[in-house]
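Engineer: this one's structure only:
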């Protein structure tokens, strides 16, 4: 077997391995994302009520909500 044939054989093996890996990942994604159930969107409150979003942690003086 000549050097060129060996190079071609290794390249074909690399392509086959990449194809197999891609097909396995595609099947895994199909199974993973197939299980995710899409929920309907939450209804919008009337009159555009704006909800507060507290981004900082409460200080010990403020206490914690829900604990």
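Structural biologist: Yep, that arrived. Please read these numbers as outputs of a predicted model, since none were measured by experiment.

Engineer: Where does the prediction get shaky in this protein?
Structural biologist: Along the chain, the parts satisfying pLDDT under 70 run over 35-39, 45, 48, 58, 62-67.

Engineer: All the helices of it, residue numbers only.
Structural biologist: Along the chain, counting by DSSP state H, helices occupy 3-34.

Engineer: ok, now how distant is residue 51 from residue 59?
Structural biologist: 22 Å (C-beta to C-beta, to the nearest Å). Bear in mind the C-beta positions are built from the backbone N, C-alpha and C, glycine included.

Engineer: what's the answer for residue 49, then?
Structural biologist: 27 Å.

Engineer: Could you check how far the residue lying closest to residue 1 once chain neighbours are set aside is from residue 61?
Structural biologist: Take residue 1 and drop its neighbours on the chain: the residue closest to it by C-beta to C-beta, 6 or more residues apart in numbering is residue 9, 7.8 Å away. Taking C-beta to C-beta as the measure, residue 9 and residue 61 are separated by 73 Å.
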